[in-house]
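>>> Here is a sequence with its predicted model. Questions after.
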Amino acid sequence: MFEKVNPSHPDKIADRIAGALVDLAYTLEENPRIAVEVLLGHGVCHIIAETSVRLPGDEVTAAVFRIAGPVVLDYVEVSQDGHLAKNQADGIRCGDNGIFRGVPVTPEQRELAAIAEDLYLEYPYDGKYITDGKRLIICQSNADADDLLEYYPGADVNPLGDWTGGSDVDSGATNRKLGSDMADSVTGGGLHGKDLSKADVSVNIYCWLEAQRTGNPVELSCAIGDEYVGGLPYEQIVAIAREYIRHIGGFEKFAEWGLVR
């Protein structure tokens, strides 16, 4: 059983904005410390950024408008907490407490992710898709249900009727669609809007990659300040996550589909 949303779902728009601001921070510093929360909907976008590097206001606005359209922007930027900053003062240490799990992606989950991506090429609008192994549910905005049934006969398509979707219909918030991003790997930490020092990002990515490589679940835990996680130097885990983010094109691209695609 799995649910997938596409990059134009309001929650993913929020994730993408948060990712774009993290990308911006990395253009200004090699190892910035940043955490971004986004809440948007109905023409308004609220953002709080806790950061070690000042983000140029015009570039923040440009990123938000590019992803969400010309919304009313409420942007608050504050310095990173001094205790958290001290944790990283003499090297890269674990940036948070947490429990993390990586689980191999199933064929059913990969199939639904592929359906979501195929539909998004044709309909780049808000969409959500569900499978329980027997039933396929397609909720695709700005699409004719009869047209979709030609491609997916037997699916439940737009059960409430055709719809428009988007952030004028629903609100969006950062890290609210982790089930879509991580499938069975979901634990407590969110993937989006954070720099690589945060365990929610790096350890989640590392566990997921190891689970796909080995075909077995991987579980790790850490405390803030740890220098080793799962027997590896935390700096090495961060380097693995950095390469993964670089390979897919940055934090904003990561936010589009998450780990399951």
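Perfect, I can see it now. Numbers count the residues shown, from 1 in each chain.
>>> So for the biggest helix by length in the chain, mean pLDDT?
In the chain, taking DSSP state H as the definition, the longest helix is helix 10-28. The average pLDDT within helix 10-28 is 98.
>>> Now do residue 79 against residue 217, distance only.
Using CB to CB, to the nearest Å, residue 79 is found at 38 Å from residue 217. For the C-beta atoms, the positions are set from N, CA and C on the backbone; glycine is no exception.
>>> circling back to that earlier point, other SSEs contacting the longest helix of the chain?
Judged by 3 or more CB pairs under 8 Å, 6 or more residues apart in numbering; DSSP states H and E, the packing partners of helix 10-28 are strand 34-41, strand 44-51, helix 57-68, strand 172-173, helix 251-257.
>>> repeat that with 7 Å
Counting contacts by 3 or more CB pairs under 7 Å, 6 or more residues apart in numbering; DSSP states H and E, helix 10-28 packs against strand 34-41, helix 57-68, strand 172-173, helix 251-257.
>>> in that helix, what counts as buried?
Neighbour-count burial for helix 10-28, counted by 16 or more other CB atoms under 10 Å, picks out 10-26.
>>> before we move on, what about stretch 112-132?
For stretch 112-132, a neighbour-count test (16+ other CB under 10 Å) marks 112-113, 115-116, 119-120, 123, 125-131 as buried.
>>> what does stretch 149-168 give?
Using 16+ other CB under 10 Å as the test for burial, stretch 149-168 gives 155, 157-158, 165-167.
>>> Output the residues you listed in JSON lines, with pLDDT appended to each entry.
Converted to JSON lines, the buried residues of stretch 149-168 look like this (pLDDT from 0 to 100):
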{"residue": "155", "pLDDT": "96"}
{"residue": "157", "pLDDT": "96"}
{"residue": "158", "pLDDT": "95"}
{"residue": "165", "pLDDT": "88"}
{"residue": "166", "pLDDT": "86"}
{"residue": "167", "pLDDT": "87"}
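>>> Out of these, which is nearest to residue 51?
The nearest member of these to residue 51, counting by CB to CB, is residue 167 at 24.3 Å.
>>> How is that closest one classified with respect to secondary structure?
coil (DSSP: H, G, I helix; E, B strand; the rest coil).
>>> At which residues are the helices of the stretch 51-200 of the chain located?
Ranges of helices within the stretch 51-200 of the chain are 57-68, 82-87, 107-122, 145-151, 178-182, 199-214, based on DSSP state H, counting those that start in this stretch.
>>> List the contacts of residue 107.
By CB atoms under 7 Å, 6 or more residues apart in numbering, residue 107 lies in contact with nothing.
>>> Could you number the chain from 569 rather than 1 from now on?
OK, 569 is where the count begins now, so the last one is residue 675.
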